[in-house]
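Undergrad: I would like to see how this sequence folds:
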Amino acid sequence: MPTPPTAPAVRRSRGGALAVAAGILLSRLAGLLRERAIAHYLGISAAADAFRAALRVPNLLQNLLGEGVLSASFIPVYARLLAQERFAEASLVARAVGSLLALAASALAVLGVWAAGPLVNVLSPGFDAPTLALTTALVQILFPGVALLVLSAWCLGVLNSHRRFFLSYASPVLWNTALIAAVIAAGARFWGEDATIATWLAWGAVVGSAAQFLVQLPAVLRLLGSVRPVLAVDAPGVRDTLRAFGPVLLGRGSVQLSGYIDQILASYLGQGVVAALANAQTLYLLPVSLFGMAVSAAELPELSAAAAQGEARSTQLHARLASALRRVVFLVVPSAVAFVTIGGFIVQLLFESGRFGSAATQLVWLLLAGSAIGLTAGTQGRLLASAFYALGQPQAPLRASLVRVSLTALAGWAVALPLRAAFGYDARWAAFGLTCSSALAAWLEYALLRKQLDPHVGGVPVPLRLGLGALACALGAGVVAQLAGQACRSLPWPRWLDAVCAIVVFGVLYLGGMSLSRVPEALRFVAPVARRLKLR
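TA: Numbering: from 1, shown residues only. Here you go, the predicted structure:
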């Protein structure tokens, strides 16, 4: 067997978070184009509900076996072996984990195709018969593609451990491109035939899944020296990965379960709510991915290395968390405020066209505002959970996530069904209650994680002063931006320019206010621009 390379096996980069963010930015921009195309051709129709629901069903497989769980259980073990220069053992562990994932994903994909009907009935019980039938057909198409995405997540774990971040996080561009091509081609040929367009979308997802996996495979082959399957389940590193996999699976899986509970409840709230919830989730995940996930993904290998430093472990973990939390708070707080104050303009700019009208914009904005309440807690909580995974203690995130899911399920059920029946409020406000319950549960999960992590790092370095300052500055910017956007509506230009105006005003005022306050993160951001202006 060819041996994996030794000298370039791990390359440390100070720009790890930047590389992750750049890759995620490209994939999210492609994702926004995908969502706009789907919204244009399907709006928030019954077929849109079916496609959104169908995409979530096999995504359970991706979420349970894929990126989040695999990264949290596999990367700490693999990264430690690389740091100790045990390259042959690291390669064996990576190939064994990949082989086990391939077997599990394939078996579950076959099972998912066979059991598509019962799964859809459980996860979307409020759909009418035609929508249920379409959803079932789409699930049967999608399941094999999601198995390929699980293997793509394995590639991501290997590449991230070697600090090769960009390719793995940019590869979803191919998945999004395949869906965009499919919906445009189908929409041009079958305008108004929503079920046919949704079916083309499902096949586009399968093609995109294969492309996303295959584009990463050559880089993984170069790093491992071989991708020959091996079932070395008795190897110490494999045992460590599998031992962590269970608690991480339950922890991350329980968080994913919260999303499925929301979908089940939303299916009872009328046509379009499931699709609108998916649109709001797409926007909500932008800052989570660009800022929270980018920082967490780049920090996980470094935290894992710091966790192996013996007596210096606490100090190093504290220092890394302090820097990472400041970056997350500086970027995510204004994102949350923007979703609440100018979310209508953001939704209008990104989605409003074709079958997606102003009523859909207002519904998505309402759901987005509810989700935004928990945005800061969710992104910080992801980073704290990464610290626990680096320490080899996945039980704490598991306990916190179970509390979060329980609260989300109970509060969401109460708001969507019995309380609505008792007080008779509109389905839109019931859907808003679903997102609010998830947001409040995210804050509870964050508080539990922080309390449990304190003893391990000498106190979690929460940037409270920075957070309050960012909140005040963002609120001021949001009010002015909303007024500016409303004022622009009287101008004789395209309506999308109103949204651009509001977003630009918000960004300039927030960044300017934080720079005037001499916040280091803001100064680092504007320094390159200032230098270029001086050179001119």
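
Undergrad: how is this protein carved up into domains?
TA: 17-462, 463-528 (automatic domain parsing).

Undergrad: Return the distance of the first one from the chain's centre.
TA: With C-alpha atoms, centre = their mean, to the nearest Å as the basis, the distance from the averaged C-alpha position of domain 17-462 to the chain average is 4 Å.

Undergrad: Give the rounded mean pLDDT of it.
TA: Averaging pLDDT along domain 17-462 yields 83.

Undergrad: Quick check: which of the domains of the chain is buried the most?
TA: domain 17-462 (a mean of 21; mean count of other C-beta atoms under 10 Å). For glycine as for every other residue, the C-beta is placed from the backbone atoms N, C-alpha and C.

Undergrad: residue contacts, residue 131?
TA: Residues near residue 131 by C-beta atoms under 8 Å, 6 or more residues apart in numbering: 46, 47, 49, 50, 124.

Undergrad: any chance of those in CSV, with secondary structure too?
TA: CSV is the format used below for those (DSSP: H, G, I helix; E, B strand; the rest coil):
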residue, secondary structure
46, helix
47, helix
49, helix
50, helix
124, coil
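
Undergrad: what would those residues look like in TSV with distance to residue 354?
TA: What follows is those, written out as TSV (distance: C-beta to C-beta, whole Å):
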residue	distance to residue 354
46	16
47	14
49	17
50	18
124	25
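
Undergrad: Quick check: the farthest pair among those?
TA: Largest separation among the contacts of residue 131 by C-beta to C-beta: 47 and 124, giving 13.3 Å.

Undergrad: any idea what residue 270 is structurally, helix, strand or coil?
TA: Assigned with three-state DSSP, residue 270 falls in the coil class.

Undergrad: Next up, phi/psi of it, please.
TA: Phi and psi for residue 270, reported as degrees, to the nearest 10, are phi 100, psi 170.

Undergrad: ok, for it, nearest residue in space, not its chain neighbours?
TA: With C-beta to C-beta, 6 or more residues apart in numbering as the criterion, residue 270 has its nearest non-adjacent residue at 5.0 Å, and that residue is residue 427.

Undergrad: Please name the residues that touch residue 185.
TA: Going by C-beta under 8 Å, 6+ apart, the list of residues near residue 185 reads residue 200.

Undergrad: and residue 353, what are its bridge partners?
TA: residue 356 (DSSP bridges).

Undergrad: mind checking how far it is from residue 192?
TA: 16 Å (C-beta to C-beta, to the nearest Å).

Undergrad: go on, residue 73?
TA: Residue 73 is 46 Å from residue 192, by C-beta to C-beta.

Undergrad: what's the host helix or strand of residue 469 in contact with?
TA: With secondary structure defined by DSSP states H and E, residue 469 is part of helix 464-488. Helix 464-488 is contacted from outside by 326, 329-330, 333-334, 336-338, 340-342, 345, 376, 497-499, 501-503, 505-507, 509-510, 513-514, 517, 519, 521, using C-beta under 8 Å, 6+ apart.

Undergrad: Out of those, which sit inside strands?
TA: Among those, DSSP state E puts none in strands.

Undergrad: In helices, which of these fall?
TA: With DSSP state H as the criterion, helices contain 326, 329-330, 333-334, 336-338, 340-341, 345, 376, 497-499, 501-503, 505-507, 509-510, 513-514, 521 from among the contacts of helix 464-488.

Undergrad: And the host helix or strand of residue 212, what does it pack against?
TA: Residue 212 belongs to helix 194-224 when assigned by DSSP H and E. Judged by 3 or more C-beta pairs under 8 Å, 6 or more residues apart in numbering; DSSP states H and E, helix 194-224 is in contact with helix 16-42, helix 46-65, helix 87-114, helix 129-161, helix 166-170, helix 172-190.

Undergrad: Now distance to residue 270 too, for those, in TSV please.
TA: Shown next, in TSV, are the helices and strands packed on helix 194-224 (distance: least, C-beta to C-beta, whole Å):
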stretch	distance to residue 270
helix 16-42	16
helix 46-65	10
helix 87-114	28
helix 129-161	12
helix 166-170	36
helix 172-190	24
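
Undergrad: So which of those helices is nearest residue 289?
TA: Per C-beta to C-beta, nearest to residue 289 of the helices and strands packed on helix 194-224: helix 16-42, 4.8 Å.

Undergrad: re earlier: surely the residue nearest to residue 270 and residue 271 touch.
TA: No: contact between residue 427 and residue 271 fails when scored by C-beta atoms under 8 Å: they sit 9.8 Å apart.

Undergrad: and the nearest residue to residue 461 once chain neighbours are set aside, how far is that from residue 178?
TA: Spatial nearest neighbour of residue 461, chain neighbours left out: residue 322 (3.8 Å); criterion: C-beta to C-beta, 6+ apart. With the distance defined as C-beta to C-beta, residue 322 ends up 41 Å from residue 178.

Undergrad: just residue 233 next, same as before
TA: Distance from residue 233 to residue 178, by C-beta to C-beta: 35 Å.

Undergrad: same thing with residue 271?
TA: 27 Å.

Undergrad: Show the residue spans covered by the helices in the stretch 301-450 of the chain.
TA: 313-341, 343-351, 358-372, 375-390, 395-416, 418-423, 427-457 (DSSP state H, counting those that start in this stretch).

Undergrad: closest one to residue 141 among those?
TA: helix 343-351 (24.7 Å).

Undergrad: tell me the angle that closest one makes with helix 313-341.
TA: Put simply, helix 343-351 runs at 90 degrees to helix 313-341, going by axes from the mean of the first three to the mean of the last three C-alpha atoms, to 10 degrees.

Undergrad: my read: residue 108 touches residue 147, true?
TA: Yes: counting by C-beta under 8 Å, residue 108 touches residue 147, with 7.3 Å between them.
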